[in-house]
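S.K.: could you look at this predicted model? Sequence included:
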Amino acid sequence: MAKAKAREYVWLQCTECGDLNYRIQVRTAGGTPKLTLKKYCPRSRNHTEHKLKRK
């Protein structure tokens, strides 16, 4: 029997404009880290900090 997946989909939210731009998978086993990435924001047209946002 296959094991249950210990992954969850979360959104990356831009800290400047507040848009939800990216959807990624994170591991839920062992607690979820506070993830902050510099990603491209199409609304403000530059690289900004994006933080985790659960829906």
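M.R.: That came through, no problem. The model shown is predicted, which means the values in this text are computed figures rather than measured ones.
S.K.: the spatially most central residue of the chain bridge partners, please.
M.R.: When CA atoms, centre = their mean is applied to the chain, the residue found nearest the centroid is residue 12 (3.3 Å). Residue 12 forms beta bridges with residue 22, residue 52, as assigned by DSSP bridges.
S.K.: so residue 15 makes contact with residue 52?
M.R.: No - contact criterion CB atoms under 8 Å: residue 15 and residue 52 do not qualify, at 11.3 Å. Where C-beta positions appear, they are placed from N, C-alpha and C, glycine not excepted.
S.K.: looking at those two, which is more packed in?
M.R.: residue 52 (16 against 11; other CB atoms under 10 Å).
S.K.: surely that one touches residue 37?
M.R.: No - using CB under 8 Å, residue 52 makes no contact with residue 37, being 9.2 Å away.
S.K.: what's the overlap in contacts for these two?
M.R.: residue 12 (CB atoms under 8 Å, 6 or more residues apart in numbering).
S.K.: look at the closest residue to residue 46 other than its chain neighbours and say how many residues are nearby.
M.R.: In this structure, residue 46 finds its nearest non-sequential neighbour in residue 40, 7.5 Å apart by CB to CB, 6 or more residues apart in numbering. Neighbourhood size, residue 40 [other CB under 10 Å]: 13.
S.K.: what about residue 40, distance to residue 47?
M.R.: Computed as CB to CB, to the nearest Å, the residue 40 to residue 47 distance reads 6 Å.
S.K.: now residue 10
M.R.: For residue 10, the distance to residue 47 - CB to CB - is 20 Å.
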